[in-house]
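Novice: Next input, structure requested:
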Amino acid sequence: MTTEQQLPKGWKKTTLGEICEIFDSKRVPLNREQREQRINNKKTDELFPYYGATGEVGKIDDYIFDGEFVLLGEDAAPFFEPNKDVAYCVKGKFWVNNHAHILSSSVLENLYICHYLNQFNFSGYVSGTTRLKLSQGSMKRIPIIYPTSKETQQAIVNKIESLFDEIDEGIGRLKTVAQQIQQYRQSLLKNAFNGELTKEWRTKHADTLPSENELLAQIQTAREQHHAQQLADWQTAVSQWEQNGKEGKKPSKPKALTQAVKFEENFADLPSGWIWGKLSDLGELARGKSKHRPRNDKKLFGGKYPFIQTGEVRAANRIIKKYEQTYSEFGLEQSKLWQKGTLCITIAANIAETAFLGFDACFPDSIVGFSASKAVLPEYIELFIKSARTKIESYAPATAQKNINLNTLENLIVPYCSLAEQTEIVAILESKLTACDQLAAELAKQLKQAEQLKQAVLKAAFSGSLLDK
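Specialist: Next up, the predicted model:
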């Protein structure tokens, strides 16, 4: 803040406690249940705003205050987040809980106070770590500078509001473009898996594309080859187990192979040469393992085996390249090491988030690993799940923490086409979605810069230079 020696001509310096009247003693907190009891069966025009630390948090059937006031967060306010407001002005009849200080001044414009507080550095004035608190005593000590002329105060407020309107208009346009990009992404994914995206490509390659029956045969052949390899691996494991004196549990024999099925009813139309099939017919699905309890046992961690969880799948940009925890040898014994390239699909907390392992890793049963057969590109499946995420989420029971089971994914119906067309779809999507990502990142950067412009306006306002610009 401007020092006293640098105060612009006609400005003064004081504290909030000296220049504002504080009405905190009139606050009456009510919990949600109390409010709901009071507003039950009341008409909308019988209700009044009920304010908290950062804004309106509900309605109530009465009011404590009537007029114009500044509300300043007492706790749970974003004191150290420059682009978020800690103070706001309210007018009319309303109620306030005990999470906001209530101020007014006969010397200063209330909007002047509000804007000043929204650029103020609260270091040294708030206490606490996880939940910051601005006590009334600390609030009263907050220094504030102001022009003594009410006309100048109003001119500053008017200029701030005018510039904020322009900034908000620009932010609105950026957000609209961001929404349009998201809609375009969804449209791309939808058209990719209903055949529209590669319609022209199919026309050019019609003579070389397999029939629906040939596609089904390809799926079955790939499944049979995979099952044969599973049996061979199992027989090797059993031999090793016998050589080791049958120590531990005998390796489990792979399940008998079933016939791949083409679904023809109750699904959307597909282009000629495409079929509907179950995800389990296109590869192997299995839940991650973390058998030991408690899950946070220190013996599990600190080794050389990467251990990833749903958060890392969600944060990855298609490929998981980093991890926060590792399993020890003990941790590995009660889990499973999945190969690099495995497609991870979350089934708890964040449903149907996907990413490929960028390294061998373990993961818990809140993640399903998918290993694609030779009949399908893993990237094709990954992109399809992105397109179907909302639908997959809808299969989750309405509980506090949504989740789906392995069976949901195994029976997920997938539109299937030739490997050549899958390759074309993946190539087009990766190119166009990458362009979308780059544009979205640039928009996010511009949005951040636009938000920061507001702080620049406020800094200029309270250094006395805004009206000169």
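Novice: Low-confidence bits of the stretch 1-150 of the chain, can you list those?
Specialist: 1-5 (pLDDT under 70).
Novice: T221: what's it in contact with?
Specialist: Contacts for T221 (CB atoms under 8 Å, 6 or more residues apart in numbering) come out as A375. The way it works is simple: take the backbone N, C-alpha and C, and place the C-beta from them, glycine included.
Novice: Dihedrals phi and psi, it?
Specialist: phi -60, psi -40 (degrees, to the nearest 10).
Novice: what about it, distance to V86?
Specialist: Noted for T221: a distance of 65 Å to V86, by CB to CB, to the nearest Å.
Novice: ditto for V426
Specialist: Noted for V426: a distance of 48 Å to V86, by CB to CB.
Novice: Pull out the buried positions in stretch 92-106.
Specialist: Buried positions in stretch 92-106, judged by neighbour count with 16 or more other CB atoms under 10 Å: 94-97, 99-105.
Novice: Repeat that for stretch 270-280.
Specialist: Neighbour-count burial for stretch 270-280 [16+ other CB under 10 Å]: 270, 273-280.
Novice: Domains in this structure, by residue range?
Specialist: Domains of the chain are assigned by the TED database as 11-147, 149-208+419-468, 210-220+259-417.
Novice: Take these and lay them out in CSV including distance to H227.
Specialist: Shown next, in CSV, are those (distance: least, CB to CB, whole Å):
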stretch, distance to H227
domain 11-147, 53
domain 149-208+419-468, 20
domain 210-220+259-417, 10
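Novice: Which one, of those, ends up nearest to L231?
Specialist: domain 210-220+259-417 (13.5 Å; CB to CB).
Novice: returning to what we had before: nearest to Q235, out of the domains of the chain?
Specialist: For the domains of the chain, proximity to Q235 was assessed by CB to CB; domain 210-220+259-417 is nearest, at 18.0 Å.
Novice: Quick one: end-to-end length of the closest one, please.
Specialist: End-to-end distance of domain 210-220+259-417 (CA to CA, to the nearest Å): 9 Å.
Novice: Now do the same for that domain: mean pLDDT, whole number.
Specialist: For domain 210-220+259-417, the mean per-residue pLDDT is 93.
Novice: Contacts only, for the closest residue to H205 other than its chain neighbours.
Specialist: Counting by CB to CB, 6 or more residues apart in numbering, A420 is the residue found nearest to H205 once chain neighbours are left out, at 6.9 Å. The contact partners of A420, taken as CB under 8 Å, 6+ apart, are 205, 208-209.
Novice: Give me the phi and psi for A420.
Specialist: Main-chain torsions, A420, degrees, to the nearest 10: phi -60, psi -40.
Novice: re the thing from before, so V426 and V86 - more neighbours on which side?
Specialist: Comparing V426 with V86 by other CB atoms under 10 Å, the one with more neighbours is V86, at 25 against 17.
Novice: how far away is that one from F80?
Specialist: Counting by CB to CB - V86 and F80 are separated by 9 Å.
Novice: and if you look at A440?
Specialist: 27 Å.
Novice: So for those two, which sits in the more crowded spot?
Specialist: A440 (15 against 12).
Novice: For the more buried one, which non-adjacent residue is spatially closest?
Specialist: The nearest residue in space to A440 (CB to CB, 6+ apart) is I181, at 5.4 Å.
Novice: tell me the pLDDT at the one you found?
Specialist: 98.
Novice: Name the residues that touch stretch 427-441?
Specialist: Under CB under 8 Å, 6+ apart, the answer for stretch 427-441 is 178, 181-182, 184-185, 188-189, 192, 197-198, 317, 379, 383.
Novice: Now go through those residues and say which are in helices.
Specialist: 178, 181-182, 184-185, 188-189, 192, 379, 383 (DSSP state H).
Novice: Redo those residues as JSON lines? Include distance to V90 and neighbour count.
Specialist: Below are those laid out as JSON lines (distance: CB to CB, whole Å; neighbours: other CB atoms under 10 Å):
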{"residue": "A178", "distance to V90": "30", "neighbour count": "16"}
{"residue": "I181", "distance to V90": "36", "neighbour count": "16"}
{"residue": "Q182", "distance to V90": "34", "neighbour count": "12"}
{"residue": "Y184", "distance to V90": "40", "neighbour count": "15"}
{"residue": "R185", "distance to V90": "39", "neighbour count": "18"}
{"residue": "L188", "distance to V90": "45", "neighbour count": "18"}
{"residue": "L189", "distance to V90": "44", "neighbour count": "20"}
{"residue": "A192", "distance to V90": "49", "neighbour count": "24"}
{"residue": "E379", "distance to V90": "53", "neighbour count": "19"}
{"residue": "L383", "distance to V90": "48", "neighbour count": "23"}
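Novice: what's next to stretch 175-183, contact-wise?
Specialist: Contacts of stretch 175-183 (CB under 8 Å, 6+ apart): 436, 439-440, 443-444, 447.
Novice: Ok, stretch 36-51 next?
Specialist: Under the contact criterion CB under 8 Å, 6+ apart, stretch 36-51 has outside partners 30, 35, 56-63, 71, 90, 92-97, 100.
Novice: for that stretch, how far is the first residue from the last?
Specialist: From its first residue to its last, stretch 36-51 covers 15 Å (CA to CA).
Novice: Show me what counts as buried in that stretch.
Specialist: Of the residues in stretch 36-51, 39, 47-51 count as buried by neighbour count, 16+ other CB under 10 Å.
Novice: can you redo those residues as CSV with secondary structure and distance to L134?
Specialist: Below are those laid out as CSV (DSSP: H, G, I helix; E, B strand; the rest coil; distance: CB to CB, whole Å):
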residue, secondary structure, distance to L134
I39, helix, 29
L47, coil, 29
F48, strand, 25
P49, strand, 22
Y50, strand, 20
Y51, strand, 16
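Novice: one step back: residues bridging contact with V86 and F80, i.e. touching both?
Specialist: Contacts common to V86 and F80, judged by CB under 8 Å, 6+ apart, are F122.
Novice: quick one, what contacts the closest residue to G55 other than its chain neighbours?
Specialist: Of all residues beyond its chain neighbours, the one nearest G55 is Y88 (6.3 Å), with distances taken as CB to CB, 6+ apart. Neighbouring residues of Y88 by CB under 8 Å, 6+ apart: 54-55, 70-71, 114.
Novice: roughly how far apart are the closest residue in space to C417 that isn't next to it in sequence and E200?
Specialist: Leaving aside its sequence neighbours, C417 sits nearest to W274 (CB to CB, 6+ apart; 4.8 Å). Going from W274 to E200 by CB to CB gives 15 Å.
Novice: now swap in G331 and tell me
Specialist: In terms of CB to CB, G331 sits 51 Å off from E200.
Novice: More neighbours: which of the two?
Specialist: Legend: neighbour count by other CB under 10 Å for G331 and E200, higher for G331 (21 against 9).
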